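J.: sharing a model that was predicted from the sequence below.
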Amino acid sequence: MPSAGAATRTPVATALASMSLALEKRARIGKLRELPETTRLVGAADFTSNDYLGLARCPELAKRIQAEAARVEAVSRAKGGPFIGATGSRLLSGTTWYHIEVESWLANFFRRESALVFNSGYDLNLGLLACLTRPGDAVLFDELIHNSSVMGLRLGAWHHHKQQQQQRRQEQLFQKGEEQQHQPIRPWVFRHNDVQDLEARLKEARATLGPAASLFVAVEAIYSMDGDLAPLTRICDTAARHGACVIVDEAHSTGVVGEGGRGLVCREGLEGHPALLCSIHTFGKALGCHGAVLCGPKVLRDYCGNYCAPFIYSTAASFHSLASMRQAAEFQQGEEGERRRSILTHLVSIFKNVVGEALAEREEQESCRLLPSPTPIQAVLVPGNTRVSAMATALQTAGLDVRPLRPPTVPEGRERLRVVLHSHNTEGEIQALTRGLVDFLEEEREQRGRGSSCSSKSAAADTSAAAHAVMAPASILERGDGIAASVEDISSSSSSSSSSGSFVSTKSRL
């Protein structure tokens, strides 16, 4: 029953009070997230942004974009059309001559039959996976896949799968004369980068859904929290054996790997693989601007134009956004882009050697370790909310912009410093970061030895409990940005086991 005070509140006050309680709950358990002003760390060494090649701060690229925008304006004026905004959605007034030109160029660049520009990678993943399947189809997905893909699955394949399972269960119970009992719906999730588990799940999906079902496999080329690469060739080969199509999110690989920064599909030579349906490339990371493009068969492009709601009902990208996307892709494929990628590869190697060695000497005692990754995303596991936040603060104070990642963005016990390397970093900055990590761990050890700091004892207890959780397999239910965080903290989920691996229940972040 609502309280007497609640009855006198306005609807807005009641809603805001509920929001405040949710925020207070997160603050109590150390999970409250804020929107930090990036200018507060001006001058600090950048180990946080996704600007891998430094193109977001590149004067030469800025000049090219300005020149292209001026060209587009002149052509648009001559045609008597708009030259700032697209004026409407793509199915109404928003498909201009420049949209067609840029999409044609991008299709050629990524070596695919067609391309379709979206306003963001989130819109693209959400919309594609929501509209791709029909009842009786399934999308199998890596447990660490991005939140945008998971939300799309909730609207599409997962929704169909849940309805079908509930209907079959009701029919079975009706025939037996029993009442329906709650059982978790089992999504088609496979263990991270585990091709054997994927194959087992594909066999199960095909046996369950039948030969007529369309099966899709959704993966990322580079995973945003751990930085590891997908075994993409093996995934495509496995999918082909079971009649499944593969969808590759190249958000963090575009501009970083492959010839001309085309991504992992290109590096593996998979553009013509029979199982590859499409690749998704975003422009807000290594390419330094904004937007995304879906590259694949023309039929898929036409399908999205008819069924993909975020595309259909959004105002089309502006002329300046399109100019930025084209110029960024064109600039980074050339000599300057290759130079920056070479520097980045060199710095990744140095970081892994220097930081990896420093942490390896202390891993057993300090429960900190560097996850294996060949990419600019390097994750230093520092279990415990209090501890990882303190370490990040110490590094920031030393002029190093490193941020902590805590639940629900990452699972309990997998708190970390997500260190991102860039072509504009220096070897000296990496050495300074290494010294900062070592100094923090040494000071922490001394404080524990003296037993003089209550906060250190609290952090140690936090770390001890969290370190145990590191041994538990991460699941899609535990992942956030990456990955699958909801707007509300949700209780930990239960799993029901299967011969092919763990299934996760729907009482989750999904």
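T.: Received the coordinates, thanks.
J.: for the longest helix seen in the chain, list every residue counted as buried.
T.: Ranked by residue count and defined by DSSP state H, the top helix of the chain is helix 335-360. For helix 335-360, a neighbour-count test (16 or more other Cβ atoms under 10 Å) marks 336-337, 340-341, 343-345, 347-348, 350-352, 354-356, 358-359 as buried. (Each C-beta comes from the backbone N, C-alpha and C, glycine too.)
J.: for it, name the packing helices and strands.
T.: Under the contact criterion of 3 or more Cβ pairs under 8 Å, 6 or more residues apart in numbering; DSSP states H and E, helix 335-360 touches strand 369-370, strand 377-381, helix 427-450.
J.: so for V257, which of those sits nearest?
T.: Between V257 and those, the shortest gap by Cβ to Cβ is with strand 377-381, which sits at 12.1 Å.
J.: what angle do the closest one and helix 427-450 make?
T.: Relative orientation of strand 377-381 versus helix 427-450 (axes from the mean of the first three to the mean of the last three Cα atoms, to 10 degrees): 10 degrees.
J.: just want the angle from the helix or strand just after strand 377-381 to helix 427-450.
T.: Later in the chain than strand 377-381, the nearest helix or strand by DSSP states H and E is helix 385-397. Angle, helix 385-397 to helix 427-450, by the same axes, to 10 degrees: 140 degrees.
J.: what are the buried residues along helix 385-397?
T.: So helix 385-397, judged by 16+ other Cβ under 10 Å, has buried residues 385-392, 394-396.
J.: off-centre distance for it?
T.: 23 Å (Cα atoms, centre = their mean, to the nearest Å).
J.: also stretch 118-126?
T.: Counting by Cα atoms, centre = their mean, stretch 118-126 comes out at 12 Å from the chain centroid.
J.: residues in contact with it?
T.: Residues from elsewhere that reach stretch 118-126 (Cβ atoms under 8 Å, 6 or more residues apart in numbering): 127, 146, 148-149, 151-152, 155, 249, 251, 280, 282, 284, 290-294, 310-311, 314, 317, 321.
J.: likewise stretch 49-68?
T.: Residues contacting stretch 49-68 (Cβ under 8 Å, 6+ apart): 252, 255-256, 261, 284-289, 320, 323-324, 326-328, 330-332, 336-337, 340-341, 344, 376, 420-424.
J.: narrow those to those in helices?
T.: Judged by DSSP H, the contacts of stretch 49-68 include 320, 323-324, 326-328, 330-332, 336-337, 340-341, 344 as members of helices.
J.: so for G94, which of the helices and strands packed on helix 335-360 sits nearest?
T.: strand 377-381 (34.6 Å).
J.: got the angle for that closest one vs helix 335-360?
T.: 10 degrees.
J.: count the residues that sit near A328.
T.: 29 (other Cβ atoms under 10 Å).
J.: how about the nearest residue to it once chain neighbours are set aside, what does it touch?
T.: Distances taken as Cβ to Cβ, 6 or more residues apart in numbering put L287 closest to A328, at 4.1 Å, once the chain neighbours are dropped. Contacts for L287 (Cβ under 8 Å, 6+ apart) come out as 53, 55, 254-255, 261, 325, 328-329, 332.
J.: local confidence estimate at L287?
T.: pLDDT for L287: 98.
J.: so A398 makes contact with E429?
T.: No. With contacts counted by Cβ atoms under 8 Å, A398 stays clear of E429, the gap being 10.7 Å.
J.: need the residues touching each of those two.
T.: By Cβ under 8 Å, 6+ apart, no residue touches both A398 and E429.
J.: neighbour-wise, which of those two wins?
T.: Between A398 and E429, counted using other Cβ under 10 Å, E429 has the larger neighbour count: 20 against 16.
J.: from R445, how far out is the residue nearest to the more buried one when sequence neighbours are not counted?
T.: Among residues not flanking E429 along the chain, A45 sits closest, at 4.2 Å (Cβ to Cβ, 6+ apart). A45 is 25 Å from R445, where distance means Cβ to Cβ, to the nearest Å.
J.: can you check P310 too?
T.: Distance from P310 to R445, by Cβ to Cβ: 50 Å.
J.: swap in H99?
T.: 59 Å.
J.: compare those two (neighbour count), which wins?
T.: Here H99 and R445 are compared on neighbour count by other Cβ under 10 Å; more neighbours surround H99, at 18 against 14.
J.: how much space is there between the more buried one and E259?
T.: The separation that H99 has from E259, given Cβ to Cβ, amounts to 26 Å.
J.: tell me how many other residues surround S49.
T.: 17.
J.: confidence score at it?
T.: Per-residue confidence (pLDDT) for S49: 95.
J.: got it, and L359?
T.: pLDDT, read off for L359, is 89.
J.: pretty sure it contacts L370?
T.: Yes. Counting by Cβ under 8 Å, L370 is a contact partner of L359 at 5.2 Å.
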